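Student: Next come a sequence and a model predicted from it.
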Amino acid sequence: NNVAVRTDSVLGRKAGDLRVVDHGLAPNELVSVHGVPKVFFAGMPVTPQEISMGESAPDALRMAANAAATADAS
């Protein structure tokens, strides 16, 4: 339903550059890999965007992270 939900996971062995999730993640569930700091509470609306495995954060997310880091440093 495009809302954030905190889920505890149990990570397993590494498979190359990837990590196996042993428990806590269903095959059809999406995982937030960029923008996690923007999720302030469970149930918060999110706008999922699929990316390829290993793809870096979109430019807009990188710029926002840099701006936040600069503001925190001030």
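Tutor: Sure thing, it's come through. Numbering: from 1, shown residues only.

Student: Please enumerate the strands of the chain.
Tutor: 10-15, 18-23 (DSSP state E).

Student: Do you have the helices of this protein handy? List them.
Tutor: In the chain, the helices defined using DSSP state H lie at 59-73.

Student: now residue 39: how far from residue 3?
Tutor: 10 Å (C-beta to C-beta, to the nearest Å). For every residue, glycine as well, the C-beta is placed using N, CA and C.

Student: Pull the contacting residues for the nearest residue to residue 44 once chain neighbours are set aside.
Tutor: Closest residue to residue 44 in three dimensions, ignoring its sequence neighbours and counting by C-beta to C-beta, 6 or more residues apart in numbering: residue 4, at 4.6 Å. Contacts here follow C-beta atoms under 8 Å, 6 or more residues apart in numbering; on that basis residue 4 touches 32, 39, 41, 42, 43, 44, 45, 46.

Student: Name the member of these with the shortest distance to residue 8.
Tutor: Using C-beta to C-beta, residue 42 comes nearest to residue 8 of the contacts of residue 4, at 12.5 Å.

Student: Tell me, how many residues neighbour that closest one?
Tutor: Neighbour count of residue 42, defined by other C-beta atoms under 10 Å: 10.

Student: Ramachandran angles for it?
Tutor: With angles defined as degrees, to the nearest 10, residue 42 sits at phi -60, psi 140.

Student: same deal with residue 32?
Tutor: phi -80, psi 120.
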